[in-house]
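*Asks:* requesting a structural model of the entry that follows:
(chains A and B)
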Amino acid sequence: MSRSVAIIGAGPSGCFVAQALLKADPDLQVDLIDRLPVPYGLVRYGVAADHQGTKGVVRQFARLFERQGARFVGNVEIDAALLVEVQNAYDAVVLAGGLSQDRRLGIPGEDLSGVHGAGAVTRALYDHPDADALPQLGRRVVLVGNGNVAIDLLRLLAKSPEELDGSDLGAVASEWLANSPVENITIVGRSPAEQAKFDAVMIKELGKLSGVSITVPDLPDTDSPDGAKKIDALRGLAGLSGGPKSIAFRFGMTPVAIEGEGTRVTGMRFSDGAGAQTLLPCDTVLTAVGFGAGPEALDRDRRVAEALDDGAGCLAPGLYAAGWFKRGPRGTIPDNRADAQAVAARILSDFERQPEAGKPGHAMWQGRGGIVNYADWQRIDRAELAGAADGRCRHKISTRAEMLAIVAKTEETT
Amino acid sequence: MKIAILYGTETGNAEMLAEDIMAELEGAHEVTCANLSDIAPADISDDRFYLLVCSTYGDGDLPASAQPFAESMDGSDVSLAGVHFAVFGLGDSEYDETYNNGSFRLAELMTAKGATQIGERVVHDASGSDLAEDIAFPWAEAVVAQASEHLGQAA
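*Replies:* Numbering: from 1, shown residues only, chains lettered A, B, ... in the order given. As a prediction, this is how the structure comes out:
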C-alpha cells in the first residue's frame, strides 16, 4: 500500500507540494483538503480579478486531480481535534492554509470607522464566501503599504469600468467600483522607493490606466539594479495625466496615528524618521501591510516557532508546513513553488527513513457527509463559466449555500 | 529523429507544456525533456533537434530556471554551429511592452553562438483564449518536419 499525504489548504502552495510529491512518486496518495467547497485558494481569491493570465496556473493544479490521482476534499474545516484524526490517518500532513488576517499597524486610531484592511476588501471584491460586505469608501483615500497587494488595490480602484473587461469581477464588486466616490489616493510606503516591496512590472502596469493623474516625488538614483528598476518604473509614471482620479506616491513615511473626529477618520499622521511629521487629510484608510494567522489557522505561530526544522517546513514528526503558513506573507506564486518543492523533498526523504505504517489515508473520509470532491467542483466551475456576464470571463459564486446547491442539484439528477 | 526539449520555467506552466509536447512526439521520435537549469552550453550537440519552451517573468526577464543557462552562455565561447533549434514562448499580453521577451532572448542567445533557428518563434498568450498545447502541438509538428530536412542524416 502506498503512503498517504494530506495537504490542508488547496491553494497554490498546497497544490505545488502535491505536484512535487506526485512527480517524484506517482503512486503516493495525495489529498488536498480545503475549508471551502472550491479549490485554489489565493489564485482564486488573492490574485487580482484583472490578472487572468496569472490565474492560468490553475491548469497545472487541475491536472493533479484529473490525471495524477490527487483528490480534493472540500468543504471540510480542520480544527485541532480533526487535525489529530487526519494525522492518525495519513503518513504525512502538510499545513498550507495560508495567512488570512490583515496585519494591523499597531497605532492609535486603527479602529475608527473608515479604516479597512486590504485583505478584507479584496476578499469582498473577489467574492470570497467568508467576506464581509464591501465597505463604504470616501473621496480621499490613504493606502498604506507598498507590496503587490497594495498595488492591486490601487489599480482596481483607479480603473475605469471598461478597463475591467475580461476580468472575473462580480456584479456587486463591479458596481461598487463603478460608483466609487474615490477621487484621490495617496499611497504611502515606509521604505524608500528603491526598497519598496512591489515588483517594478506592477508599477509599469499603472502607466496604462486611462482615467488617472499620477504624481511621484523626486526620487534619488540608486546603485541597486533591482531598486533602479523600481525607480525607473515610478519615474515613468510621474506626470501621467489621463483623467480625474489622482494618485500620489509617498515614500519613507512611518505610520504614527490615524486621527478622527468622533468615530470617523479625518487624517493619518506619519513620521519621516528624522523627527518631522506629516498629516495627510483623508476620510478612508486602507492598510495593506501584510497578513497573519487567523483564528482558523490551527495555532500557526506557535507551531512555526516550535518547528523541528522550519527551513525545510518540518513542524513535528509527520507534520509539515508550506506556503505563507510556513514562510510568512511573502513571495509570489513562483517563490512559493520553489519552496513547496523543498518541502516535498523533505517529506519524501523522511518517508525513506521510516517504515510504512499502513495508514488508511483517504478512507478516513468514508461516510462523512458534506464533502465536496473534485467532480463536484467541476460542476461549480462549469456553472461559473456558463454564467459569465458580458465582459467577464466567469461568474464567481459567492456563497457556500449556492455552491453546495449546485453540487446537490446535480446529485439528484444523476 | 532525436529531439531534446528544454524548458525555462518560473511558475511551472512551461514545464507542463514541455512535458505535454514530449508526450505528443514520443510515439514517432526519440524525445528527452529537461529543465534548462540542468543544462550547460557544452551539453548541446548537433546530433539532435532542440525544442526550447520558455516563459517570461518579471519585467521581460528570462524565467528563473533559464537564468543560469543564460549566464553560462554569455560567459562561454562555446560554438553551437550545426545545432538546430526551434523556440516556443509563453507570455501574457497584459504586459505588452515585454510580451514574450524571455523566449526572444533565449533564441538570441542560441543564434549568437552560431545555432540555426528552424521556423518562426511561436508564442502563447496567457491572457488569450487558446490553450497553450493547441498552439504548441501544431508548432512542434511543423518545426520537426522542417528540421528533418536539415538534419535527417545526423538523426
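*Asks:* next up, the contacts around residue A:203.
*Replies:* A:151, A:230, A:233-234, A:236-237 (Cβ atoms under 8 Å, 6 or more residues apart in numbering or on different chains). For the C-beta atoms, the positions are set from N, CA and C on the backbone; glycine is no exception.
*Asks:* going through those, which ones are buried?
*Replies:* In these, burial by neighbour count holds for A:151, A:230, A:233-234, A:236-237, counting by 16 or more other Cβ atoms under 10 Å in any protein chain shown.
*Asks:* which elements pack onto the longest helix along chain A?
*Replies:* Taking DSSP state H as the criterion, chain A has its longest helix at helix A:333-353. Other elements packing on helix A:333-353 under the criterion 3 or more Cβ pairs under 8 Å, 6 or more residues apart in numbering or on different chains; DSSP states H and E are helix A:12-24, strand A:92-95, strand A:319-321, helix A:323-327.
*Asks:* so which residues on chain A come close to chain B?
*Replies:* Within chain A, the residues that sit near chain B (Cβ under 8 Å from any Cβ of the partner chain) are A:16, A:19, A:51-54, A:56-57, A:59-60, A:63, A:166, A:199-201, A:204-205, A:229, A:233, A:333-334, A:337-338.
*Asks:* follow-up on the earlier one: format the helices and strands packed on helix A:333-353 as JSON lines; extra columns: distance to residue B:117.
*Replies:* JSON lines is the format used below for those (distance: least, Cβ to Cβ, whole Å):
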{"stretch": "helix A:12-24", "distance to residue B:117": "30"}
{"stretch": "strand A:92-95", "distance to residue B:117": "43"}
{"stretch": "strand A:319-321", "distance to residue B:117": "44"}
{"stretch": "helix A:323-327", "distance to residue B:117": "39"}
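*Asks:* mind putting the ones you listed into a markdown table with mean neighbour count, mean pLDDT and distance to residue B:102?
*Replies:* Shown next, in a markdown table, are those (neighbours: other Cβ atoms under 10 Å in any protein chain shown; pLDDT from 0 to 100; distance: least, Cβ to Cβ, whole Å):
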| stretch | mean neighbour count | mean pLDDT | distance to residue B:102 |
| --- | --- | --- | --- |
| helix A:12-24 | 26 | 98 | 21 |
| strand A:92-95 | 28 | 98 | 31 |
| strand A:319-321 | 25 | 98 | 32 |
| helix A:323-327 | 28 | 95 | 25 |
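*Asks:* now do the buried residues in stretch A:288-297.
*Replies:* A:288-293, A:297.
*Asks:* in ChimeraX, how would I select just the buried ones from the residues of chain A next to chain B?
*Replies:* Buried members of the residues of chain A next to chain B can be picked out in ChimeraX with the line below, counting by 16+ other Cβ under 10 Å:
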select /A:16,19,51,52,53,54,56,57,59,60,63,199,200,201,204,205,229,233,333,334,337
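*Asks:* tell me the contacts of residue A:61?
*Replies:* A:10, A:12, A:15, A:19, A:39-40, A:43.
*Asks:* now it, what are its backbone angles?
*Replies:* Backbone torsions of residue A:61, given as degrees, to the nearest 10, read phi -70, psi -40.
*Asks:* again with residue A:36
*Replies:* Per degrees, to the nearest 10, the backbone of residue A:36 is at phi -90, psi 160.
*Asks:* against chain B, how distant is it?
*Replies:* Applying Cβ to the nearest Cβ, to the nearest Å, the value for residue A:36 to chain B is 22 Å.
*Asks:* and if you look at residue A:119?
*Replies:* 22 Å.
*Asks:* that residue is in what secondary structure piece?
*Replies:* Using DSSP states H and E, residue A:119 sits in helix A:118-125.
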